[in-house]
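S.K.: the amino acid sequence is not available; the structure is as follows:
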């Protein structure tokens, strides 16, 4: 079979190999491309992950479940999983996309992986598609912290301190460098009770604060 190695990594062997071929075909290569399969696969993926999170986290409210799903079912995660499958090497791309390294582009990889999920459900059924999806996502989930997934550093730091009844961090702008159209902000994040003071640098005050907060959170969370 042409894509035997990929099928081995997916843990699924297609009865109709042409469906997998279609899933791996970008619109730049052929009019018979993978976008309809991507549409289908996106729905299967969202349903599968929603069901998994609902079952695995019986005490989490709807808002937290939605946050977890949105931070699992996204381009970054899908592209990472596609890279693990070496999916990019199997893609059929037009000449322009090949020359511009389209096989490494996160958006193309993510879309193709969703198309593969769509191909599986058409080749078999929902149960088989669910099995393939969870076979990829469960190992990934074991490497991430569901409690912090999707939360920005300032929120994580604030929740950490509030949980220990400590005062919230103090953010101060230390310096603003550069011209008005290209400024760089240097901000400090201070937690006097824990003797923590970090700095962050970014193109806006908000970005600099997030970087400083992340550094502070790493310091105190790892103690």
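M.R.: Now that the structure is in, tell me what you want to look at. As the structure is a prediction and not an experimental result, all values here were calculated from the model. Numbering: from 1, shown residues only.

S.K.: now do the longest helix seen in the chain: distance to the chain's middle.
M.R.: For the chain, the helix with the greatest residue count under DSSP state H is helix 35-56. Computed by C-alpha atoms, centre = their mean, to the nearest Å, the chain-centroid distance of helix 35-56 equals 14 Å.

S.K.: how about stretch 152-168?
M.R.: So, by C-alpha atoms, centre = their mean, the centroid of stretch 152-168 is 24 Å from its chain's centroid.

S.K.: check stretch 120-136 too.
M.R.: The answer for stretch 120-136 is 20 Å, by C-alpha atoms, centre = their mean.

S.K.: pretty sure residue 75 contacts residue 112?
M.R.: No. Shown here, residue 75 and residue 112 do not form a contact pair, counting by C-beta atoms under 8 Å, at 11.7 Å. Quick note: C-beta positions are derived from backbone N, CA and C, even for glycine.

S.K.: neighbour-wise, which of the two wins?
M.R.: Remark: of residue 75 and residue 112, residue 112 carries more neighbours, 28 against 13, as counted by other C-beta atoms under 10 Å.

S.K.: tell me which helix or strand the more buried one sits in.
M.R.: Element membership for residue 112 (DSSP states H and E) is helix 106-123.

S.K.: quick one: buried residues of that helix?
M.R.: Residues 106, 108-123 are the ones in helix 106-123 that count as buried (16 or more other C-beta atoms under 10 Å).

S.K.: and stretch 4-23, by the same measure?
M.R.: Neighbour-count burial for stretch 4-23 [16+ other C-beta under 10 Å]: 6, 10, 12, 14, 17, 19-23.

S.K.: sitting in helices, which of these do you find?
M.R.: Going by DSSP H, the helices hold 6, 10, 17, 19-23 from those.

S.K.: ok, so of the residues you listed, who is nearest residue 95?
M.R.: residue 21 (18.8 Å; C-beta to C-beta).

S.K.: just give the nearest non-adjacent residue to the residue positioned nearest the centre of the chain, would you?
M.R.: Per C-alpha atoms, centre = their mean, the C-alpha nearest to the average position across the chain is that of residue 77, at 2.9 Å. Counting by C-beta to C-beta, 6 or more residues apart in numbering, residue 140 is the residue found nearest to residue 77 once chain neighbours are left out, at 7.0 Å.

S.K.: right, and that neighbour touches residue 81 too?
M.R.: Yes. Counting by C-beta under 8 Å, residue 140 does reach residue 81; the two are 6.5 Å apart.

S.K.: the two: which has the busier surroundings?
M.R.: Neighbours per residue (other C-beta under 10 Å) separate residue 140 from residue 81, with residue 81 holding more: 18 against 13.

S.K.: which stretches of this structure form helices?
M.R.: For the chain, applying DSSP H gives helices covering 4-10, 17-23, 35-56, 62-72, 75-84, 95-99, 106-123, 126-141, 153-163, 205-221.
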